[in-house]
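Q: missing the sequence, but the structure's below:
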C-alpha cells in the first residue's frame, strides 16, 4: 500500500483479458476490500525472467518470489496502476458472491467505492 510494489505476481491469470480493475481483499483481521487498482500491462514469462526484469518493482524479497513460483514454469506480472486505498473498507460478503480465500474472483456488478 506504500506504492513500492508495481507488479502483482501470479502463477495463473484471469480468463477474461478485458479485466481493467482489481480490488484488493485484506485477510484477517480486516476481512474486507481495502483498495483498488487499474490493470496495466500483463507480462507472461518464466519466473526467472520475470524476476530479472521486474524484481525491483516486486514489493517482495527474492526468496519469497521464488518460493511462490518453485514448481512453476511460467508466471504472470500484472502491472499496478493508480492504486487507491478505499476510505471505507468494503465487506464483499454483503453484496457479492464472494468466498475467501481465493486467488481471484470476478465481480459482475459494480462495487460501490468511497
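A: Looks like it arrived, so ask away. The model shown is predicted, which means the values in this text are computed figures rather than measured ones. Residues are numbered from 1 along each chain as shown.
Q: can we go C-alpha only for contacts and neighbour counts from here?
A: Fine.
Q: Could you check how far residue 42 is from residue 58?
A: Look at residue 42 and residue 58: by C-alpha to C-alpha, to the nearest Å, they are 14 Å apart.
Q: Identify the residues contacting stretch 52-70?
A: Residues from elsewhere that reach stretch 52-70 (C-alpha atoms under 8 Å, 6 or more residues apart in numbering): 4, 5, 6, 7, 8, 9, 11, 47, 51, 75.
Q: The same query, at a cut-off of 7 Å, please.
A: 4, 5, 6, 7, 11, 47 (C-alpha atoms under 7 Å, 6 or more residues apart in numbering).
Q: Make TSV out of those and add pLDDT and neighbour count.
A: Below are the contacts of stretch 52-70 laid out as TSV (pLDDT from 0 to 100; neighbours: other C-alpha atoms under 10 Å):
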residue	pLDDT	neighbour count
4	84	11
5	93	16
6	96	19
7	96	23
11	95	16
47	98	24
